[in-house]
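> Just a sequence and a predicted model for now, questions to come.
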Amino acid sequence: MKFKVFLFLISLVLLSNINLFANGNKNILVINSYHRGFQWSDDVLNGIESVLYDKKVNPTVWYMDSKRIASSNYYKELKDLYKLQLSKSKYDLVVAIDKFAYEFTLQNYKELFTDEPVFFVGIEQFSQDEVKKYNLQKKVSGLLEKRAISDIIKMIYKLMPRLKKLYIINDKSENGDDSDPFIQSAINDLNNKFEVQYIRSSTLDDLKEKFSTHVPNEAVFFIRFYNDKDGHLYKNSEIAEMINASKIPVFTTDTLFIGKGSTGGKLVPIKDLGIKSGKDILGILDNSLPTPFIQTAEKFEYKFDFEKVKEFKLPTDTLKVEYEYVNYPESFLDRNRQFVDFVFMMSPFLLFLILGLIHNLYLRIKSTKLLKQRMEFDKVLLNSIKAPIVWQDEKGRVVDSNSKFCDFMDLPCPKVKGKKLKYYFKKYTTEPISKTLEPFINNSLEENQMVIKGEDNKEYTYMIDQTNYTEDIFKTKGTVTVFTDITKEKQALKEKRKHQEFIIQQSKLAEIGEVFSSIAHQWKTPLVEIATIAQERLYSDEAENIDEVNNDYVNDIMVQVKYMTETINSFQKFIMPSTQKIVFDIYESVEEMLEIIRHNMKYNYINVNVNVEPETNLMILGYKNELMQTLLNIVNNAKESIIKQKSKDKITQGSITINIKNINNKVQIDIEDNGGGIPHKYIDQIFEPYFTTKKDGHGIGLYMARLIIEDKIGGKINVSNAKDGARFTIQLELTK
């Protein structure tokens, strides 16, 4: 049996013997208390290696595996194995990582080493008496690990001022025993501010079950729990799973579990502990540090898991310290870093391209405007021409005509294009013109002239001038036919032909789309009001007054329709440069606006109060319809906020108050609601175009409100949060 153990130890050392450099002037032996894969010691070792990487130092690492095997026989066999290994090796420094390696080195120093200095890292308590016991006072230096146990408990209480119970978890390992005095001291300093349950003996399953239910005002302070009461060793992944599954916040002392379920705390950065150790090792090797020395690593980092802080609603800002979040949602720049870098590199080219496109767009818009003007001019010109003109495509279907052509044919002007002339002659009786035009319609006309008898029985001679056209953009072609009355000029104009070409091209300005989008948004509010009135009628139980009620609702609906018509007309006037301002009573405008939505407010149990200070001058110069639309938009936004608050049972009765008064030769309108207000982070953005916090919103209403109030009327509009909701303030100049 001993032989098998011996073989196992030889294999373990051979596998764990790591030579980080092929050549080096200094050799160090690193004895790790644990096995490879134990995250704490791996992080410390990684920190040491990062410092020694480009130095002429050759480290050799041995793993003791003390978490899994810790019997005296095992340590005896391990000593014999190390003794065999060291018989052919000489090291300049022995580094012991954590308590087991440190004590093993002290206890077996005389048998394993000669005069090599010893450096330890990671233990929490140092005893000079223990060093004297082995007569190694001049050999031992080290870096103590300090956990901010007391500070973290105070931090937890600050984050959770209503804390009732704190669970402290610390296993019964030797490392746990080292931490125990600090824990006991911190508990004694609490003066019974809250209940503390100190857990040292349990199982991971029991802990998982214990913290599987959310209990308000309770928290867990996790020190370590690698060994349970049955001696079972847990992996970091198993511990992280338990911490992450906890329904109450779990605070830790180091960076091992941050980002894996730990809420955070004042943490010991494990890798930085290794980096500091690496620097001390170099100082010992090059004699730049006087030995022996005992230092304490006091570097801490405040780190918190953003998702856990959000889940448990912890006010980290109250700590008044610099802290860092992990699992913080990535910003747009972080998610699209490569794309942003690419755009930044390409920005000069994109700038020139954009300038070129803007110039091209300007030319296109200019050309489109000119074309539209030309088309309108051509249409007026064609209708002013007394000669009948008709456009036909290659299949003989009428594309368009001027008004004189309809009069000439004695037909109603066709509203539906795309029909052949035969269709109109079959539908309408047009004797005798139809017989006269029949050869032309059947494409059997030999000459370009024809004689038609008019209603006065006189003959009129018309010259038929046909021109084929081809349109390159849409690849269409056809014929333009002009009927010219040459009765008086028949002989003089017999050999003369008049050729005429018309270019038809349709285009829309990009701005029109924005205008109609705004119009559609302006119509949304009246449509909602109409729907509300219809629903109120639908659920009415007063059958005996049904005729009168129907009349009332018809009137209400007509008011809404009339308002919608006035809204679109007002908007059309708004965009016209020639729109004139009028003098009107602001109070009357408010009342007219409220009359439109009175049923809706009543249906949603919202009280609307209008208060006017005595002797207030209410006459202003401006655009009445636009101002009413602005007020309606603000009031409807308030209504939606109130409905949302009521759905969350935060309020039972909605309230909208409109106060009107004079301030500094101005009339001020304050619209205040109890709908919960506007989030502070959005309050400076709500007047921006297309910005909205609503799921189905368009973000154009308040933008239009500011445009109307400030640009068209010359007033001011701003928003702030009141006690229970939002307050919109509008200031307008009084008439002089």
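Received it, and whenever you're ready, just let me know what you need.
> how many neighbours does the closest residue to D585 other than its chain neighbours have?
Across the structure, with C-beta to C-beta, 6 or more residues apart in numbering as the measure, the residue nearest D585 apart from its sequence neighbours is L618 (5.0 Å). For every residue, glycine as well, the C-beta is placed using N, CA and C. When neighbours are counted by other C-beta atoms under 10 Å, L618 registers 17.
> Likewise for E322?
The criterion is other C-beta under 10 Å. On that basis, E322 has 7 neighbouring residues.
> And E130, by the same measure?
The criterion is other C-beta under 10 Å. On that basis, E130 has 15 neighbouring residues.
> Kindly state the beta-bridge partners for the nearest residue to K581 once chain neighbours are set aside.
Counting by C-beta to C-beta, 6+ apart, L621 is the residue found nearest to K581 once chain neighbours are left out, at 5.0 Å. Here L621 sits in beta bridges with V583, as judged by DSSP bridges.
> Am I right that L621 is in contact with E733?
Yes - L621 lies in contact with E733 (C-beta atoms under 8 Å); the separation is 7.2 Å.
> quick one: average pLDDT of stretch 53-64?
Averaging the model's pLDDT scores along stretch 53-64 yields 90.
> Tell me the span between the first and last residue of that stretch.
23 Å (C-alpha to C-alpha, to the nearest Å).
> Longest strand in the protein, please.
The strand of greatest length in the chain, counted in residues with DSSP state E as the criterion, is given as strand 459-471.
> pLDDT on that strand, on average?
For strand 459-471, mean pLDDT is 72.
> Stretch 363-370 too?
For stretch 363-370, mean pLDDT is 87.
> Can you give the distance of it from its chain's centre?
38 Å (C-alpha atoms, centre = their mean, to the nearest Å).
> tell me which residues in that stretch are buried?
When neighbours are counted by 16 or more other C-beta atoms under 10 Å, the buried residues of stretch 363-370 are found to be T368.
> Which strands or helices does the longest strand of the chain pack on?
On a contact count with 3 or more C-beta pairs under 8 Å, 6 or more residues apart in numbering; DSSP states H and E, strand 459-471 meets strand 449-453, strand 476-485.
> Export stretch 255-264 to CSV, keeping only CA atoms.
Below are the C-alpha coordinates for stretch 255-264, written out as CSV (Å, rounded to 0.1, in the frame of the first residue of the first chain):
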residue,chain,number,x,y,z
THR,A,255,-12.7,38.1,-6.3
LEU,A,256,-13.2,34.3,-6.6
PHE,A,257,-17.0,34.4,-7.0
ILE,A,258,-17.7,37.9,-8.3
GLY,A,259,-19.5,37.6,-11.6
LYS,A,260,-20.5,34.0,-10.6
GLY,A,261,-23.3,34.8,-8.2
SER,A,262,-21.7,36.9,-5.5
THR,A,263,-23.4,40.3,-4.9
GLY,A,264,-19.9,41.7,-4.3
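> quick one: contacts of it?
Outside of stretch 255-264, the residues that reach it under the criterion C-beta atoms under 8 Å, 6 or more residues apart in numbering are 39-40, 43, 222, 236, 239-246, 249-252, 267-271, 301-305, 308-309, 312, 314, 323, 326-327.
> now, which of those lie within helices?
The members of those that map onto helices under DSSP state H are 39-40, 43, 236, 239-245, 270-271, 308-309, 312.
> Let me know the closest of these to E111.
Comparing these against E111 with C-beta to C-beta places W40 closest, at 28.2 Å.
> Just give the number of residues close to the closest one.
W40: 23 neighbours (other C-beta under 10 Å).
> In this structure it contacts P269, no?
No - under the criterion of C-beta under 8 Å, W40 makes no contact with P269, lying 11.9 Å away.
> domain parsing for this protein?
Listed by automatic domain parsing, the domain ranges of the chain are 2-145, 149-267+300-326, 385-485, 510-733.
> Relative to K372, which of the ones you listed is closest?
Nearest of these to K372, taken as C-beta to C-beta: domain 510-733 at 10.9 Å.
> Let me see the backbone angles for D280.
As for D280, its main-chain torsions (degrees, to the nearest 10) stand at phi -70, psi -40.
> related to what we said a few turns ago, what sits against the residue nearest to K581?
If you count contacts by C-beta under 8 Å, 6+ apart, L621 has them with K581, I582, V583, E733, T735.
> Most widely separated two among the residues you listed?
Counting by C-beta to C-beta, the most remote pair of the contacts of L621 is I582 and E733, 14.1 Å apart.
> okay, these two: which has more neighbours?
Set side by side, I582 and E733 give different neighbour counts by other C-beta under 10 Å, the larger being at E733 (15 against 11).
> thought that one was touching K716?
No - because the distance of 9.8 Å does not satisfy C-beta under 8 Å, E733 is recorded as not touching K716.
> Count the residues that sit near G715.
For G715, using other C-beta under 10 Å, the count is 22.
> ok, what's across the strand from L29?
Once the bridges are assigned, which here means DSSP bridges, L29 pairs with T60, V94.
> What's the per-residue pLDDT of it here?
94.
> Spit out the contact partners of it.
When the contact criterion is C-beta under 8 Å, 6+ apart, the partners of L29 are P59, T60, W62, S89, Y91, L93, V94, V95, E116.
> Tell me which residues touch K138, please.
Residues in contact with K138, defined by C-beta under 8 Å, 6+ apart, are T291, P292.
> how does it look with 7 Å?
The neighbours of K138, taking C-beta atoms under 7 Å, 6 or more residues apart in numbering as the test, are P292.
> Could you check the pLDDT of it?
With respect to pLDDT, K138 has a value of 92.
> and of the contacts of L621, the nearest to P181?
Distance ranking of these against P181, using C-beta to C-beta, places E733 first at 76.2 Å.
> Show me what that closest one is bridged to.
The residues paired with E733 through beta bridges, assigned by DSSP bridges, are K666.
> Please report how far it lies from V610.
From E733 across to V610, the span is 21 Å (C-beta to C-beta, to the nearest Å).
> right, and V61 touches V30 too?
Yes - with contact taken as C-beta atoms under 7 Å, V61 and V30 are classed as touching, separated by 4.5 Å.
> neighbour count winner among the two?
Regarding V61 and V30, a neighbour count based on other C-beta under 10 Å identifies V30 as having more, with 29 against 22.
> Now do stretch 133-152: distance from first to last residue.
For stretch 133-152, the first-to-last residue distance is 35 Å (C-alpha to C-alpha).
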